[in-house]
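[1] Predicted model follows, preceded by the sequence.
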Amino acid sequence: MTSIPTARGDAIDSSELGFTLMTETLFCVSTEINANWPDTLGDEEECIGVVIEALKTAKKHGVNTLVDRSIPGIGRDIRRTRRVAEAVPVNVIVTTGFYTWRDIPFLFQFREQYKKVFKHPYGMDYYFQRDIEEGVSGSGIRAALLKCCTDHYGVTEGVDHVLRAVARAHRRTGVPIATHTNGAKAGLEQQRVFREEGVDLSRVCIAHVDLTPGSGVEEIESIIKAGSTVSLDMMAESALFESNRPGFAQSRIDRIVELCARGYSSQMFLSHDMPAVVDLVPPEDRHLIYSKYAPWTEISLSLIPTLLARGVTQAQIDQIMIDNPRRFFESRDRGAY
């Protein structure tokens, strides 16, 4: 079986993953902004306590493992993550990569511009690989997943740079890739870049495909047919999302049911993409981003009963929530290439 590092600093066997939420975030924050304007985050100890309690509640509702997809660009802080992981009965898995919708930080732009001058420019892929093989920030906590993004601006020069850096780190380590998108069209573009970099698309998860416009599943199906897993992970019904996408809650359920009916339950993840602490909205409006359910419990309490009533089988649910995450992480055993 595959050994998977966790945020506690230990490792678990892939057979111990259990019911797994593949697309979540403990803290979605802006660390440099918080450091200069602390009120954008609030009391750090209180925030850590909120995340700990949310994970304890999720455990009571069947969650065994949560993949924390916070990375540099949206506030990864391994010190906070470790404190949370050591205090809860849920396995927390760490991710590496860089989160941007358009540009890369000036440091990496500068190094890229003068890479022929420097003895070693130490690009993004170097740091991603070090997170995987040695650990994040000297903590010894190793990342088990790579992440990159394509969103509103498409595959810009900066986004392309990150996609290819992630692909290189993946091929050198065998660690799987999970992306951020704003729908299947962006996912298809990511697959194009990965294909150019020689990536085995079966080791890639394209996330947020439930954001694909329209009501059909054809673009999503194209991603699956190319070999990748898709993540339908906007499963927390927030007032913020519903105000911007009327009817979204129903359409995502319809798509899950249809994809299962077409026989694709072996290439799907379900998750919430829900941070327990977020600074993207002002403190007085943060209630808008949460649903009536505690973070990371809505799939267990609401979605699964709904899917079962719609004809999705318990075997398919178990495949999506237990078997598929295990298979995905076990793909690392196929090694570098």
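    Yep, that arrived.
[2] Which residue, other than its chain neighbours, is closest to residue 254?
    residue 215 (6.8 Å; C-beta to C-beta, 6 or more residues apart in numbering). All C-beta spots, glycine's among them, are computed from the backbone N, C-alpha and C.
[3] Test for you: state the pLDDT assigned to the one you found.
    pLDDT for residue 215: 79.
[4] what's the answer for residue 91, then?
    The predicted local confidence for residue 91 is 98.
[5] can you check the one 4 residues further on too?
    The predicted local distance difference test score for residue 95 is 98.
[6] and it, what element?
    strand 91-97 (DSSP states H and E).
[7] check contacts around residue 42.
    residue 283 (C-beta atoms under 8 Å, 6 or more residues apart in numbering).
[8] one more time with 10 Å
    29, 34, 50, 277, 279, 283, 286 (C-beta atoms under 10 Å, 6 or more residues apart in numbering).
[9] now those residues in a markdown table, with pLDDT, secondary structure and distance to residue 235?
    Shown next, in a markdown table, are these (pLDDT from 0 to 100; DSSP: H, G, I helix; E, B strand; the rest coil; distance: C-beta to C-beta, whole Å):
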| residue | pLDDT | secondary structure | distance to residue 235 |
| --- | --- | --- | --- |
| 29 | 93 | coil | 22 |
| 34 | 93 | helix | 27 |
| 50 | 94 | helix | 20 |
| 277 | 92 | strand | 19 |
| 279 | 92 | coil | 22 |
| 283 | 78 | helix | 25 |
| 286 | 77 | helix | 19 |
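[10] and stretch 188-204, what's its mean pLDDT?
    If you average the pLDDT values across stretch 188-204, you get 98.
[11] Could you list the buried residues of stretch 321-337?
    For stretch 321-337, burial by neighbour count (16 or more other C-beta atoms under 10 Å) applies to 321, 322, 323, 324, 325, 326, 327, 328, 329, 330, 331, 332.
[12] okay if I get the contacts of residue 42 as TSV plus neighbour count and distance to residue 220?
    Shown next, in TSV, are the contacts of residue 42 (neighbours: other C-beta atoms under 10 Å; distance: C-beta to C-beta, whole Å):
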residue	neighbour count	distance to residue 220
29	24	30
34	19	36
50	18	33
277	23	30
279	22	31
283	11	36
286	15	31
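[13] which one of these is nearest residue 165?
    Set against residue 165, the nearest of these by C-beta to C-beta is residue 29 (23.2 Å).
[14] hang on, that closest one packs against residue 40?
    Yes. Judged on C-beta atoms under 10 Å, residue 29 makes contact with residue 40 at a distance of 8.1 Å.
[15] which residues do the two both contact?
    Joint contacts of residue 29 and residue 40 (C-beta under 10 Å, 6+ apart) are 279, 280.
[16] Given the strand of greatest length in the chain, what are its sheet partners and their directions?
    When the chain is parsed with DSSP state E, its longest strand is strand 20-28. Strand pairing for strand 20-28, using DSSP bridges, gives strand 65-68 (parallel), strand 275-278 (parallel).
[17] Please identify the most buried of those.
    strand 65-68 (a mean of 25; mean count of other C-beta atoms under 10 Å).
[18] sorry, back to before: show me which of the buried residues of stretch 321-337 is closest to residue 198.
    Using C-beta to C-beta, the buried residues of stretch 321-337 come closest to residue 198 at residue 331, 15.4 Å.
[19] Contact partners for the closest residue to that closest one other than its chain neighbours?
    Distances taken as C-beta to C-beta, 6+ apart place residue 203 nearest to residue 331, at 4.8 Å, with adjacent residues excluded. Listed by C-beta under 10 Å, 6+ apart, the contact set of residue 203 reads 146, 170-171, 174-178, 194, 227-229, 328, 331-332, 334, 337.
[20] ditto for residue 337
    170, 171, 172, 174, 198, 199, 200, 203.
[21] Same list (those residues) but as JSON lines, adding distance to residue 107 and secondary structure.
    Compiled in JSON lines, these are given as follows (distance: C-beta to C-beta, whole Å; DSSP: H, G, I helix; E, B strand; the rest coil):
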{"residue": "170", "distance to residue 107": "22", "secondary structure": "helix"}
{"residue": "171", "distance to residue 107": "24", "secondary structure": "helix"}
{"residue": "172", "distance to residue 107": "22", "secondary structure": "helix"}
{"residue": "174", "distance to residue 107": "27", "secondary structure": "coil"}
{"residue": "198", "distance to residue 107": "27", "secondary structure": "coil"}
{"residue": "199", "distance to residue 107": "26", "secondary structure": "coil"}
{"residue": "200", "distance to residue 107": "31", "secondary structure": "coil"}
{"residue": "203", "distance to residue 107": "29", "secondary structure": "helix"}
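[22] Please check those and keep the buried ones.
    So, of the contacts of residue 337, 170, 171, 174, 199, 200, 203 end up buried under the neighbour-count rule (16+ other C-beta under 10 Å).
[23] With distance to residue 296 added, can I get these in TSV?
    What follows is those, written out as TSV (distance: C-beta to C-beta, whole Å):
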residue	distance to residue 296
170	27
171	32
174	28
199	30
200	30
203	25
